[in-house]
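have a look; sequence and predicted model below, questions after that.
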Amino acid sequence: MIPLVENQNFNSDKPLEKAEYENCSFHNYDFGSKNLSEFIFSDCEFLDCDFSNCILKNTSFREVTFSNCKMLGLRFDECSDFLLSFHFISCTLSFSSFYKLKIKGSKFEGSKMEQVDFTETNLSKALFHNCDLKAAIFQATNLENSNLETAYNFSIDPENNHIKKAKFSSDNIRGLLTKYNIIIH
């Protein structure tokens, strides 16, 4: 059984051991390339942290918020899916994978998500507010009731994804027509 750590603040000067972290804050912490396998984070907040290339095998993220974090090349699809829930604000998530996850209602705000893999992901009721989805992969993705009104640079094939009642704006609707190679003025 791993130890429980509650209501603590961490920064890059404090070492981090495998534990269950509950209601903790992490500021300017460098997780880069570290092995976070089987760590548990519940109701935690990460501010200005670097998670790039971390190992996330069976890592638990339960009701966590990431703000202004660098998160390049992460395999969220290797996380524990039990109570998996997160919110990303002004993060760089490029080259990360959410393959086949059930992350209904997730919030992505002001984030750069270049080449993120959402293949077969359940993103129903998700929010993509002001997100750059350049070359993000949407294949057999459930986007029902999701809000992409302010998202940009995406290409979503309506024939290969579930987009019933998803919200788009007249400004970004061309992202649904990319495969037809038509010119829209």
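Thanks, I have it.

confidence-wise, which helix or strand of this protein is lowest on average?
Sorting the helices and strands of the chain by mean pLDDT, DSSP states H and E puts strand 9-10 at the bottom, at a mean of 94.

tell me which residues touch Gln8, please.
Tyr21, Cys24, Ser25 (C-beta atoms under 8 Å, 6 or more residues apart in numbering). Any C-beta I mention is one placed from the backbone N, CA and C, and that applies to glycine too.

residue ranges with poor pLDDT in this structure?
180, 182-185 (pLDDT under 70).

what about the strands in it?
Along the chain, counting by DSSP state E, strands occupy 4-6, 9-10, 20-22, 25-27, 40-42, 45-47, 60-62, 64-67, 86-89, 107-109, 127-129.

if we can go back for a sec, could you check how far the least confident helix or strand of the chain is from the centre of its chain?
Between the centre of strand 9-10 and the centre of its chain there are 22 Å (C-alpha atoms, centre = their mean, to the nearest Å).

most surrounded residue in the contacts of Gln8?
Tyr21 (24 neighbours; other C-beta atoms under 10 Å).

I figured it hits Phe41, correct?
Yes - applying C-beta atoms under 8 Å, one finds Tyr21 in contact with Phe41, separated by 5.1 Å.
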